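J.: Got a predicted model here, sequence first, then my questions.
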Amino acid sequence: MKSRSLSLILWALLPLAAVGASAADQRVRPNVLMIAIDDLRPSIGCYGDPNAITPHMDALAARGLRFERAYCQQALCSPSRISLLSGRRPSTSKIYSIGPTLRSAMPDITTLPQHFKNEGYFTRSLGKVYHVGIDDPDSWSVPSWQSPKPRNGPEGIRQQAERRKAYAAKKMQPPQKGEGGMGTAVPAFEAPDVGDDDLKDGDCTREAIGALRGMAQKPGQPFFLAVGYANPHVPWVAPKKYWDLYNPAKLVMADNQFLPRGAPAFAAKSGDDFYWYSNVPKDRKITDAFGRQCLHGYLAATTYIDAQVGRLLAALDETGLARNTIVILWGDHGYYMGEHSWWGGKHNNYEGATRTLLLCALPGQKTAGRSTRGIVEYVDLYPTLVDLCGLPRPRDWAQLDGVSFAPLFSDPSRAWKRAAFSEYPKGGSDADGGRANYHGTTMRTDRYRYVEWVNVKTGAVVARELYDHQTDAQENENLAGRPEHAAVLAELGAQLRVGALGAGPAP
């Protein structure tokens, strides 16, 4: 937000006192362990998912605060991550696709980890924090680290090798993205009989544990360690032991495998990338049997990542760092596993794409184990962590698009934001960054999801969507065309035009 009330600032000045830290603790800046998980939707045990086996993330929720209504600013990996780490909405940075770096749009920006680095923290990135290949070196004290271990299992590696060989025989370069690209010339799921550290995510955990143990030997040096996992982004590749925890016959499948009724055709779409994987039916007809295999793979990959989270939390405890480390865990956006007939994707403005998983545990937190229904956004994480760690404001603080939600840790039930805002360009030739015909802005209030779609060339509103979560939590039917909702539509349209600044928390 462009401004903050005096009362919010005063609350934020004593965040550790609000959660029960002693006066001595307040003189020591807390460390930050940020865990970023690709495509992890809020469907784990502590969020009420009957399928998921996630004891370690559930344990983190029990020692922290669970955010029931957290929203990303765009349901696509790179724009979401850039927004979170910069504190700027895509409408500010103009980054709506995978490809542009943050500095190409905002060369003088101070990012969240960069501000911590400037204030004396050691900052380090392991795995997928920014999107792989789209890093921001100025954010980190040392170069980012990526595991050399394989992302895929033996079958995926074999298929990739065959694809490379075939292209070499034709003296052609294999495509790097799009249908048939090397990254998707693999099965959508695989259960190799290997150890955790034989795959990329387990190896990333090994490296992170080493980093934590190293920092424990430097008690006077605060750190900001960001650890990013590739699963459960498709392909769902997890050691076989995690697959064996599930009986696919008992998995509960989505009961709304149909498009939202009355939604614009260009809006009611997810990404196409799922259909590029080698074992996905090319006719795009996902049978119940294949869908169960997919859900089985997603859950196995989620449990594999949960085990890595458990290893990180155990290392914090063993080293004694847990006493002064804030742990924040997030998924970069939502994800579809059969809902609305979408599989393995996001790429739109609906609840399933924009609602995220967010857990945060503070040392000595008095409200441990609680949840909050306060609406928060990923642009809010930057000012929140600055406040929780007692850092001075960065020079471009006034340009941040978020507001600190530090007061929610002392009073999770208090009233907070009136709405969250997300965006997505649609109707172009490439859902992940091609020139779009329409741009959608969605606003999620306590009760409604409202979406306006404008023609990119003319700026005219060409479509609206309205979903009433009081009667339709799955967003199965667009009510915007019904005359009895005209007054609500007008009210929400006016609120949308006021924008995020007018939806901030009351003092």
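T.: Ah, there it is. Remember, it's a predicted structure, so these values are computed and weren't measured experimentally.

J.: use CA for all of it now, contacts and neighbours both
T.: Fine.

J.: how near is residue 479 to residue 497?
T.: Counting by CA to CA, to the nearest Å, the separation of residue 479 from residue 497 is 20 Å.

J.: For these two, work out which one has more neighbours and name it.
T.: residue 479 (21 against 9; other CA atoms under 10 Å).

J.: Now do the contacts for the nearest residue to that one once chain neighbours are set aside.
T.: Once flanking residues are discounted, residue 479 sits nearest to residue 466: 5.1 Å by CA to CA, 6 or more residues apart in numbering. By CA atoms under 8 Å, 6 or more residues apart in numbering, the contact list for residue 466 reads 448, 449, 450, 451, 478, 479, 480, 489.

J.: Rebuild those residues as CSV, extending it with pLDDT and distance to residue 401.
T.: Shown next, in CSV, are these (pLDDT from 0 to 100; distance: CA to CA, whole Å):
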residue, pLDDT, distance to residue 401
448, 98, 22
449, 98, 21
450, 98, 20
451, 98, 20
478, 98, 29
479, 98, 30
480, 98, 29
489, 98, 26
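
J.: In strands, which of those fall?
T.: Mapping the contacts of residue 466 onto strands (DSSP state E) picks out 448, 449, 450, 451.

J.: residues near the first one, how many?
T.: What that stands for is residue 448. 20.

J.: would CSV of the ones in strands among the contacts of residue 466 with distance to residue 380 be doable?
T.: Below are the ones in strands among the contacts of residue 466 laid out as CSV (distance: CA to CA, whole Å):
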residue, distance to residue 380
448, 21
449, 20
450, 21
451, 21
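
J.: Isn't residue 443 up against residue 422?
T.: Yes: using CA atoms under 8 Å, residue 443 is in contact with residue 422, at 6.7 Å.

J.: Surely residue 259 is in contact with residue 476?
T.: Yes: shown here, residue 259 and residue 476 form a contact pair, counting by CA under 8 Å, at 7.3 Å.

J.: Compare neighbour counts for those two and give me the winner.
T.: Higher neighbour count among residue 259 and residue 476: residue 476, with 20 against 17, using other CA under 10 Å.

J.: Okay, strands next: where are they in the stretch 351-500 of the chain?
T.: Secondary structure of the stretch 351-500 of the chain (DSSP state E, counting those that start in this stretch): strands at 355-361, 370-372, 376-377, 419-426, 438-445, 448-455, 461-468.

J.: And residue 246, how far from residue 237?
T.: 15 Å.

J.: between these two, which one's more packed in?
T.: Neighbours per residue (other CA under 10 Å) separate residue 246 from residue 237, with residue 237 holding more: 30 against 17.

J.: okay, now the closest residue in space to the more buried one that isn't next to it in sequence: neighbour count?
T.: Of all residues not flanking residue 237 in the chain, residue 190 sits nearest, at 4.9 Å (CA to CA, 6+ apart). Close neighbours of residue 190, defined as other CA under 10 Å, add up to 24.

J.: Residue 229 too?
T.: Residue 229: 25 surrounding residues under other CA under 10 Å.

J.: I'd assumed residue 128 was in contact with it.
T.: Yes: at 5.8 Å, residue 229 and residue 128 qualify as touching, with contact defined as CA under 8 Å.

J.: Which neighbours do these two have in common?
T.: 36, 38.

J.: circling back: could you pull out the residues contacting both of residue 259 and residue 476?
T.: Common neighbours of residue 259 and residue 476, counting by CA under 8 Å, 6+ apart, are residue 340.

J.: which stretches of the stretch 151-300 of the chain form strands?
T.: 189-190, 223-229, 236-237.

J.: Including mean pLDDT and distance to residue 389, could those strands go into a markdown table?
T.: Below are those laid out as a markdown table (pLDDT from 0 to 100; distance: least, CA to CA, whole Å):
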| stretch | mean pLDDT | distance to residue 389 |
| --- | --- | --- |
| strand 189-190 | 97 | 40 |
| strand 223-229 | 98 | 11 |
| strand 236-237 | 98 | 36 |
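
J.: where's the residue nearest to residue 237 relative to residue 230, distance?
T.: Going from residue 190 to residue 230 by CA to CA gives 14 Å.

J.: With residue 290 instead?
T.: Distance from residue 290 to residue 230, by CA to CA: 23 Å.

J.: cool, residue 441 as well?
T.: To residue 230, residue 441 is 28 Å away according to CA to CA.

J.: any idea of the mean pLDDT for stretch 414-433?
T.: Averaging pLDDT along stretch 414-433 gives 81.

J.: List the buried residues in that stretch.
T.: By neighbour count on 16 or more other CA atoms under 10 Å, the buried set for stretch 414-433 is 416-427, 431-433.

J.: again, but for stretch 277-290
T.: 277, 278, 280, 286.

J.: ok, now stretch 477-488?
T.: Buried residues in stretch 477-488, defined by neighbour count with 16+ other CA under 10 Å: 477, 478, 479, 480.

J.: Distance to residue 167 for these - can I get that in TSV?
T.: Formatted as TSV, the buried residues of stretch 477-488 follow (distance: CA to CA, whole Å):
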residue	distance to residue 167
477	46
478	46
479	50
480	50
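
J.: Pick the one among these closest to residue 349.
T.: Of all those, residue 349 sits closest to residue 478, with 12.9 Å by CA to CA.

J.: so that closest one makes contact with residue 465?
T.: Yes: the criterion here is CA under 8 Å, and residue 478 meets it with residue 465 at 5.6 Å.

J.: intersection of neighbour lists for these two?
T.: Going by CA under 8 Å, 6+ apart, residues that sit against residue 478 and also against residue 465 are residue 263.

J.: out of all of them, which helix in the chain is the longest?
T.: Determined from DSSP state H, the single longest helix within the chain is helix 288-319.

J.: Just want the angle from that one to strand 223-229.
T.: Counting by axes from the mean of the first three to the mean of the last three CA atoms, to 10 degrees, helix 288-319 lies at 160 degrees to strand 223-229.

J.: Could you point out the helix or strand that follows helix 288-319?
T.: Helices and strands here follow DSSP states H and E; after helix 288-319, the next one along the chain is strand 325-331.

J.: who touches the residue nearest to residue 213 when sequence neighbours are not counted in this structure?
T.: Spatially, and ignoring its direct neighbours in sequence, residue 213 is nearest to residue 319 (6.5 Å; CA to CA, 6+ apart). Residue 319 is in contact with 212, 213, 216, counting by CA under 8 Å, 6+ apart.

J.: I figured the last one hits residue 318, correct?
T.: No: shown here, residue 216 and residue 318 do not form a contact pair, counting by CA under 8 Å, at 9.9 Å.

J.: Same drill for the two, tell me which one is more crowded.
T.: Set residue 216 next to residue 318 and count neighbours by other CA under 10 Å: residue 216 wins out with 17 against 12.

J.: Let's see the pLDDT reported for the more buried one.
T.: Looking at residue 216, its pLDDT reads 98.

J.: what separates it from residue 124, distance-wise?
T.: 15 Å.

J.: What of residue 385?
T.: Here residue 385 is placed at a distance of 16 Å from residue 124 (CA to CA).

J.: swap in residue 400?
T.: Taken as CA to CA, the span from residue 400 to residue 124 is 23 Å.

J.: Show the contacting residues for the residue sitting nearest the centre point of the chain.
T.: In the chain, the residue lying closest to the centroid (CA atoms, centre = their mean) is residue 332, at 1.2 Å. Counting by CA under 8 Å, 6+ apart, residue 332 touches 36, 37, 38, 39, 40, 72, 75, 76, 77, 80, 81, 356.

J.: Can you report phi and psi for it?
T.: Dihedral angles of residue 332 (phi, psi; degrees, to the nearest 10) stand at phi -70, psi -20.

J.: any idea of the pLDDT on it?
T.: For residue 332, the model assigns a pLDDT of 98.

J.: now it: how far from residue 229?
T.: In terms of CA to CA, residue 332 sits 11 Å off from residue 229.

J.: Noted, bye for now.
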